[in-house]
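**Student:** Here is a sequence with its predicted model. Questions after.
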Amino acid sequence: MGFFWSERLGRPASEPPSSGLTDRDKSLGRERAPHLVRAELEQRVRRVRAATEALCAELSAEDAALQSMTDASPAKWHLAHTTWFFETFVLRALPRFRAFSTDYAYLFNSYYEALGPRIRRDARGLLSRPPLAEVRTYRSLVTARLLELIESGQGDWDVLGPRIELGLHHEEQHQELILTDIKHLFAQNPLHPVYRHPPPSRTETAPLPVGYKAYAGGLLPIGKQGDGFVFDNERPEHLQFLAPYALADRLVTNGEYLEFIRDGGYQRPELWLSDGFRWVQERGIELPLYWQDGGENTWVTFTLAGLMPVSPSEPVCHVSYYEADAYARWAGARLPTEAEWETAARDRALQCR
Ligand SMILES: [Fe+2]
């Protein structure tokens, strides 16, 4: 995940950039929801469920069962948990509901206290049973039941429609987590497994010099405006005062971050928050996560395509808040606050590479 840095204007930075990767599925979608067209929702259910399965299609049963750290989950658990979500919050509300397995609530609940006890998070990688094939069957049956429900329109659609939409967004969050967790898992393996082959190599082009775009600030709306799905933490819309500020007009590159490393950035306490420098020292961190010394003043990084050379022109990623903050201080800048970034990004179109 790349980061921007902003010039030292106005108040100091105080908030880390939003990761967008947290598991925000506490809301049950009862808040304002747009009218949901069932035919559209049916297509989205097919697309999202198939996309999750495509992400796991090439994984072996062993790949899908392992958990490389407490904060990561096995792919098999993600496949089952996203299905348990629909079964619990949508299908359970229907007459004559029968759970696929009475054990699954214990195995695949994430953190819903109201739904009873659940397996410890750090024990998810011990679930050699149920086998992957059974989890895939579970997915198929729940997806089919969801599609039947949407087609029939039975039940209280004002409740079930928003819950299905919430479940789709929840599953898309877990798609990101599947890739994040597979990458971390494969990075532990000395064989450097390749999850997928790299795209055709692009010609390396030097990034343009950094420019700054100024924002006037003022009393500005923050949070979701109008209808349409958002997670509950994006509401309510509210006003926030921002002093004038400026943001860099492109992301920080690996090449720029290398200058920070070569300038002793990881060894200079004056650049770091005190707990950040303690984090660096206690863990012996000298490079971004997944980077390795490639010898002869080169670096390689572990990617979903295996070990690859660090590209100087690509945005730096897998740096923590502490590292991003130290880099910004070294560069004579600071990180933007969440409100500054949201205001700057609000009307910008997404660009996918
Ligand atoms: Fe979840």
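**Tutor:** Looks like it came in fine. Since the structure is predicted, the reported quantities are computational estimates derived from the model, not experimental observations.

**Student:** Which neighbouring elements make contact with the longest helix seen in the chain?
**Tutor:** What stands out as the longest helix in the chain, according to DSSP state H, is helix 157-187. Other elements packing on helix 157-187 under the criterion 3 or more C-beta pairs under 8 Å, 6 or more residues apart in numbering; DSSP states H and E are helix 38-56, helix 75-89, helix 132-152, strand 298-303. Quick note: C-beta positions are derived from backbone N, CA and C, even for glycine.

**Student:** which secondary structure elements does the second one contact?
**Tutor:** This points to helix 75-89. helix 38-56, helix 61-65, helix 104-108, helix 132-152, helix 157-187.

**Student:** right, and these - which one's nearest the ion?
**Tutor:** helix 157-187 (5.6 Å; C-beta to the ion).

**Student:** Past the closest one, which element shows up next along the chain?
**Tutor:** strand 212-215 (DSSP states H and E).

**Student:** Within the sheet, what are the partner strands of that following strand, with directions?
**Tutor:** Here strand 212-215 has these sheet partners by DSSP bridges: strand 245-248 (antiparallel).

**Student:** how big is the angle separating the next helix or strand after the strand it pairs with from strand 298-303?
**Tutor:** Next helix or strand after strand 245-248 toward the C-terminus (DSSP H and E): helix 254-262. On the basis of axes from the mean of the first three to the mean of the last three C-alpha atoms, to 10 degrees, helix 254-262 is oriented at 120 degrees to strand 298-303.

**Student:** What are the buried residues along helix 254-262?
**Tutor:** Neighbour counts over helix 254-262 (16 or more other C-beta atoms under 10 Å) mark 254, 256-258, 260-261 as buried.

**Student:** Just the mean pLDDT for that helix, thanks.
**Tutor:** What helix 254-262 shows for mean pLDDT is 97.

**Student:** just how off-centre is that helix within its chain?
**Tutor:** For helix 254-262, the separation from the chain centroid amounts to 25 Å (computed by C-alpha atoms, centre = their mean, to the nearest Å).

**Student:** Now do it: which elements does it pack against?
**Tutor:** helix 321-330.

**Student:** helices or strands up against the helix it packs on?
**Tutor:** helix 254-262, helix 274-283.
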